[in-house]
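Chemist: got a sequence here, can you model it:
(chains A, B, C and D, ligands or ions: 4)
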Amino acid sequence: MFTNASNFTNDVDLTLAIIIGISLFFLIGLTVLMIYFMVRYHHTRNPKATDIHGSVKLEIIWTVIPTALVLVMFYYGWAGYTQMRTAPKDAMVVKATGRMWSWSFEYPNGKITDTLVVPKDKAVKLELFSPDVIHSLYIPAFRIKEDLVPGKPNWMWFIGQQEGSYSILCAEYCGDRHSYMTSKVDVIPSADFDKWYNDNSAPKEHAGLVLLKQNACTSCHSLDGNRLVGPSFKGLFERKSNVILEDESQKTIVADSAYIVESLIEPNKKVVESYSKGMMQSYKDKFTDEQLGQIIDYLKTIK
Amino acid sequence: MSNHTHKPKYSTDLLTFLMLMALTALTIWASFATGGTTVLAVSVAMAIATTKAFLVIRNFMHVKYDHVIYKIFIGLVSLLFLSFILILALDYAYR
Amino acid sequence: MSETVAYTVEKNFFEEKRGLFSWIFTLDHKRVALLYLYAIITFFLVGMSLGFLMRLELFSPGGQIVDPKTYNQMFTFHGVIMIFLVIIPSIPAVFGNFFLPIMLGTDDVAFPKLNLFSWWLYVIGALMALSTLMFGKGPADTGWTFYAPYSVTSDTNVSMLLLAAFVLGFSSILTGLNFIVTIHRLRAPEMTWFKMPLFSWGLYATAWIQLLATPIVGITLLMVVVERAFGIGLFDPSLGGDPILYQHLFWIYSHPVVYVMILPAMGIISEIIPTSAQRVIFGYKAIAISSMAIAFLGYFVWGHHMFTSGMSGEARIVFSFITFLVAIPTAIKVFNWVATMYKGSIHVTPNLLWSTAFIFNFLIGGLTGLINGALAADVHVHDTTYIVAHFHYTMFGGTIFVFFGALHYWFPKMWGRMYHVKTANIALALTFIGFNVTYGAMLTVGMKGMPRRYYDYLPEFEFLNKISTVGSWIMVIGLLLMITNLIISRRNGKKAPRNPWNGVTLEWQVPSPPPLHNFDHKPILSPNGPYDFSILEQINAFEDKPKE
Amino acid sequence: MGHYKIPNSGHNRDDEGSKMGMWLFLFTEILLFGGLFLVYAMYRYLYFDAFKIVSEHMDIKLGAINTVILITSSLTVALSITAIKKGHKDFAIFFLFITIILAWGFVINKYFEWSAHIHHGLFMGKEAFNNLAQGEGMFLFLYYFMTGLHGVHVLVGAILLMVVAFRIMSNHQNETKYTFHENSGLYWHLVDLIWIYLFPLFYLLH
Ligand code: HEA
Ligand code: HEA
Ligand code: CUA
Ligand SMILES: [Cu+2]
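Modeler: Ligands and ions are numbered 1, 2, ... in the order given. Below is the predicted model of the structure:
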């Protein structure tokens, strides 16, 4: 607690501390009282009970005091929260996309990454999108969380105040690999950030692989032959597999270029046997022909 | 039933029926007069429908002659449903 | 079954008729209650085993015993069983059915046939839920909340499970309907509203929630079923639907339903404590009215489950505010219970110990609820295991503890036997310790940021998860010991008298177990309300005297 | 013993209790539809224009006819209850039959209305339906869902009323014992009540 990692940690932790403090008081107080009564007024010690029907005064007291206390709690929760929903105008806007089951972040200059890199002490506003189901972007160290609702843009903001690398988790259940939908946010000094941000040198990796990573393909398709949610990419090209057509009939296909493109545009038309229909979303219009070529090129290399 | 003293009369039923028919005519007329889909049209239509519902409950369903507890029940249930709509509207109106 | 108590010539309700059909087509509220009890205990064991397996899976990071999909199906099935098949019917359908008519001084609920029908609906719903195990891609993997659009796209047997929940909902509605009419129409002639035992007040408040909230979730689940069938986007955004609207409709029911779980439990606590303390309850009216207040306010706080959902900021604030208001009537109840122990003449029985364990657990559950209700704090803890701990503290540590407490309180009355008290206390101690270790650790790890519904987790969460799993082992031993003790006592326990705990509400005036029509003499009601211990001697005079 | 007889037994006949039970059941019905009305209200707000456009496909005349049918049937049920209370059993049966005929009239009318829509391809899975804009499909879907569920209630109500008629004929319902009749009437009025709202929401706001 009280790490000061983001501009919200202090307020949230203070709210928590206040409520926990009040709670401990009541928890311990009432428990001790109960045990004391059980001992003090045990029937061996107090054979004759005294009937007390109630007391209006006490009822009022223990209505008013908790009311006052909850108003305090409400106030702190509200105050801390109001900040979370008022982003400064000059915040750097990053588009954060969460899809089954990975994150990607798009910067104003078009740079796309799978970890979020932000400058220290600068406000960042994340615009949240999801193409499939609801996810929730959660950075425990920053005490913030907001859902990514498909079809409805949402946003969150924060200032990273301490250098370091913090976990990003998905906090809304979204299917099989929900618990693997993780990433990192790296808070680095402004100068380093600028260097990183403007570094456009071509990635060392195969262009096709970069595309596969950026579009979360690798969160469902492994590159090493392991079975994840979808069939592994390893040895995919020209592999023979049984597929189930829309009318439930079976067919054996060879994964040539045309089939791979079709799999991207209409994934549910031919569903590989033993895998689930409806898992993979359509990537229609997501890729240019050139990019499709790069992907297929890359797939050929991992035989 | 049974515990109320009122005497059932055919004429009450008929009268209620006539009022309901009149209100039906009114609401159809109003829907054209108010232009079909405007906030005004919606409010007028709902107001007339609620008047009709009130008549049905009070006269046809005999709540008028029943124990007050039914009036309380019906009132609270309507209030509950109304508050659901209002609270939901609060969310949608401010989004 | 030769336990006819010597001083009564009337057969008890077990002996009245025999055979399977005399049970499953019975119109006796006591038998219906026992039918529910056996079904609920069965499902409770199934649900518990799933919880136990989930804890094993979470013992270490990485896969342990099942794959992710199975894990997801496990917590969904665990949640659905525990919520719809165990905890919602638990207290109303078992103890409500058995004792409400007796405590009101009548011989059955208002609609005995409808009561039996509710049980049948329960069985049908349960079978529908179980059937999802048998066909297709197995039980749903959506979580018990069935959030759209995931529940619309998942290819598991979501529709069947939703229909099961729909049917179970109607079973619950009919129970509630029955209780409301029973309380309005069948109270003993001298029993005015404010002379009813507090358990009836709890059930009355509960029944209204069952009646008015359940249909909304029923229709919502039906909308998802239809949406899955026709592919039309009532909630699926790719077709223009609004997933947040689904959440609204779901929680309009599912928040009030947590009070369906807890209000009857609070009612039972308000019975056990005066009996154990041998004195009148402190603040009868405050407790009775606060039940109604909780039920009423509980309708308007559903949005606190949606603080990070993308609902409008204004709505979030309003919901947070009302959420805090609900805590107040609850606080009033707790204070009155503790005050009832003051200057009592306390008999420390297993049922009192379960009740105090309840108060402790429920305090933690309720007070953690306050953190959830505070906007800024909830943004951090929402959908973490902190929430999981919160609701196990309220549901398991709260309602289920009271359920077991009530089982110990009314066991002699229901079966006419006493149980072994020392074993009962040891079982409670183990369960209580195991419970707090399991969920205490979960509370902490959630506060550190471990999200819920996680098959796998970061290494930094490992230590607390291990502790939590070990806690569940202790809890298992405790619960199994308790169940064994009760089962053995059911056969071999000492014969129970009419009034083992010297209570004064009406159920202690009838034989144990009660005869078919409950009362063998005109019930004695004190003009000073239900907890007037000055009539105790008069009540106990019936004990040994054969009556004519 | 066992000779003590409880005055307030759950097995006694309790007309007031049955009626209260019926009312409570009606409340759950109202909230069952209530969920749909909530959805309708929110989507009407979100897709105001789309709803307006499709609602033009609705036939006000058919809707109005059905409204008149239902109101009339409500009247006849009310009359038959008045009749049975007065002991006019023949009247009661006569009015019930008219009600049942009207109920079937309603259903047949609905059938024609639905088939007209389906004929135009405006049904889930059909070509024309799939081509509609987002909110428009929503309107039609809600229309089918809500009027469909209402239709089911009409059928249940009609069957109930037939049973009532038989029970009057066999003297199970008469001027001293008419709770079942009255409760079935209440149910029928509920069907009318819901239609009172469905009519403007789907037909008039165009
Ligand atoms: C029996 C069930 C039960 C009960 C009784 C409660 C009681 C309460 N719950 Fe809980 N809750 C659940 C079951 C329950 N809950 C479940 C199942 C979920 C999660 C569902 C899911 O997502 O799967 C949940 C989730 C949940 C959330 C959503 C969290 C999230 O997902 O982010 C919230 C938020 O406000 C909340 C709040 C509360 C509050 C304020 C109370 C209050 O009623 C508590 C009141 C009690 C007290 C306050 C203690 C006694 C009082 C005193 C000792 C006096 C001192 C008090 C003061 C000073 C005020 N609950
Ligand atoms: C009344 C409600 C209730 C009860 C009593 C319980 C009881 C338990 N629950 Fe439950 N739980 C829920 C309601 C409940 N749960 C709900 C609603 C959810 C949310 C689901 C969702 O997210 O959708 C949940 C989720 C949930 C999770 C979170 C899953 C996740 O988010 O990843 C976990 C994790 O540990 C858990 C564990 C347990 C354990 C260990 C028990 C303990 O009771 C178990 C103790 C175990 C035993 C005592 C076993 C005893 C028996 C045997 C071992 C006998 C062997 C049996 C045979 C041979 C037949 N539960
Ligand atoms: Cu994405 Cu969970
Ligand atoms: Cu809640």
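
Chemist: how about the contacts made by whatever residue of chain D ends up closest to ligand 2?
Modeler: Chain D approaches ligand 2 most closely through D:G35 (21.5 Å), counting by Cβ to the nearest ligand atom. Any C-beta I mention is one placed from the backbone N, CA and C, and that applies to glycine too. D:G35 makes contact with C:215-220, C:223, C:249, according to Cβ atoms under 8 Å, 6 or more residues apart in numbering or on different chains.

Chemist: which of the residues you listed lies closest to ligand 1?
Modeler: The nearest one, if we look at those relative to ligand 1 and count by Cβ to the nearest ligand atom, is C:V217, at 13.2 Å.

Chemist: what about the strands in chain A?
Modeler: Using DSSP state E, the strands of chain A run over residues A:92-99, A:102-106, A:112-113, A:116-119, A:123-129, A:135-139, A:144-148, A:154-159, A:164-170, A:183-188, A:240-244, A:250-254, A:271-272.

Chemist: CSV for these, including mean pLDDT, distance to ligand 1 and mean neighbour count?
Modeler: CSV is the format used below for the strands of chain A (pLDDT from 0 to 100; distance: least, Cβ to the nearest ligand atom, whole Å; neighbours: other Cβ atoms under 10 Å in any protein chain shown):
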stretch, mean pLDDT, distance to ligand 1, mean neighbour count
strand A:92-99, 90, 19, 20
strand A:102-106, 87, 22, 21
strand A:112-113, 83, 30, 16
strand A:116-119, 90, 24, 21
strand A:123-129, 91, 18, 20
strand A:135-139, 93, 11, 27
strand A:144-148, 92, 9, 26
strand A:154-159, 91, 16, 21
strand A:164-170, 91, 15, 19
strand A:183-188, 90, 22, 20
strand A:240-244, 83, 35, 15
strand A:250-254, 84, 40, 11
strand A:271-272, 84, 32, 20
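
Chemist: which among the ones you listed is found nearest to B:V63?
Modeler: B:V63 lies closest to strand A:144-148 among the strands of chain A, at 44.6 Å (Cβ to Cβ).

Chemist: ranges for the helices of chain B?
Modeler: Counting by DSSP state H, chain B has helices at residues B:10-33, B:39-55, B:68-94.

Chemist: and the first one with chain D, contact?
Modeler: Yes. Helix B:10-33 lies in contact with chain D when judged by Cβ under 8 Å from any Cβ of the partner chain; the contacting residues are B:10, B:12-14, B:16-17, B:20-21, B:24, B:27-28, B:31.

Chemist: now swap in stretch B:46-60 and tell me
Modeler: Yes. Stretch B:46-60 reaches chain D (Cβ under 8 Å from any Cβ) through B:46, B:48-49, B:52-53, B:56-57, B:59-60.

Chemist: and which of those is nearest C:P514?
Modeler: Closest approach between those and C:P514, by Cβ to Cβ: B:I57, at 41.4 Å.

Chemist: for chain D, which residue gets nearest to ligand 3?
Modeler: D:Q134 (24.8 Å).

Chemist: now tell me which helix or strand of the chain has the poorest mean pLDDT.
Modeler: You didn't pick a chain, so chain A it is. helix A:207-214 (a mean of 80; mean pLDDT, DSSP states H and E).

Chemist: I was after chain C.
Modeler: For chain C, judged by mean pLDDT, DSSP H and E, that is helix C:20-24, with a mean of 81.

Chemist: show me the contact partners of that one.
Modeler: Contacts of helix C:20-24 (Cβ under 8 Å, 6+ apart): C:16, C:31, C:34-35.

Chemist: tell me the helix or strand right after it.
Modeler: Using DSSP states H and E, the next helix or strand after helix C:20-24 towards the C-terminus is helix C:29-57.

Chemist: and that next one, average pLDDT?
Modeler: Helix C:29-57 shows an average pLDDT of 91 in the prediction.

Chemist: anything in that helix near ligand 2?
Modeler: Yes. In terms of Cβ under 6 Å from any ligand atom, part of helix C:29-57 sits within range of ligand 2, namely C:45, C:48-49, C:51-52, C:54-55.

Chemist: which of these count as buried?
Modeler: C:48, C:51-52, C:54-55 (16 or more other Cβ atoms under 10 Å in any protein chain shown).

Chemist: burial count for the closest residue in space to D:D15 that isn't next to it in sequence?
Modeler: Among residues not flanking D:D15 along the chain, D:T179 sits closest, at 4.6 Å (Cβ to Cβ, 6 or more residues apart in numbering or on different chains). A total of 18 residues lie near D:T179 under the criterion other Cβ atoms under 10 Å in any protein chain shown.

Chemist: phi first, then psi, for C:L161.
Modeler: Torsion angles at C:L161 (phi, psi; degrees, to the nearest 10) stand at phi -70, psi -40.

Chemist: give me every residue that touches the nearest residue to it once chain neighbours are set aside.
Modeler: Nearest non-adjacent residue to C:L161, counting by Cβ to Cβ, 6+ apart: C:A140, 4.6 Å away. By Cβ under 8 Å, 6+ apart, the contact list for C:A140 reads C:73, C:76-77, C:80, C:132, C:146, C:151, C:154, C:156-158, C:161-162.

Chemist: one more: C:L516?
Modeler: Counting by Cβ under 8 Å, 6+ apart, C:L516 has contacts C:10-13, C:16, C:28, C:107.

Chemist: just checking, next helix/strand downstream of the host helix or strand of C:R491?
Modeler: When secondary structure is defined by DSSP H and E, C:R491 falls within helix C:462-492. Next along the chain after helix C:462-492, taking DSSP H and E as the criterion, comes helix C:536-540.

Chemist: in the stretch 251-400 of chain C, which residue sits nearest ligand 3?
Modeler: For the stretch 251-400 of chain C, Cβ to the nearest ligand atom, closest residue to ligand 3: C:D383, 9.1 Å.

Chemist: what is the neighbour count of the closest residue to that residue other than its chain neighbours?
Modeler: Sequence neighbours aside, A:A171 is the residue nearest to C:D383 in space, at 4.3 Å (criterion: Cβ to Cβ, 6+ apart). By the measure other Cβ under 10 Å, the count of residues near A:A171 is 27.

Chemist: same question, A:I22
Modeler: Other residues close to A:I22 by other Cβ under 10 Å number 17.

Chemist: excluding covalently adjacent residues, which one is nearest to it?
Modeler: Nearest to A:I22 is A:L69, by Cβ to Cβ, 6+ apart, at 5.7 Å.

Chemist: repeat that for C:W501.
Modeler: Per Cβ to Cβ, 6+ apart, closest to C:W501 is C:T275, 5.2 Å.

Chemist: next, count neighbours for the one you found.
Modeler: Counted with other Cβ under 10 Å, C:T275 comes out at 23.

Chemist: ok, it to C:F199 distance?
Modeler: From C:T275 across to C:F199, the span is 11 Å (Cβ to Cβ, to the nearest Å).

Chemist: quick one on the thing from earlier: chain center to the least confident helix or strand of chain A: distance?
Modeler: Distance of helix A:207-214 from the chain centroid (Cα atoms, centre = their mean, to the nearest Å) equals 22 Å.

Chemist: compute the distance between D:A133 and C:S238, please.
Modeler: Distance from D:A133 to C:S238, by Cβ to Cβ: 14 Å.
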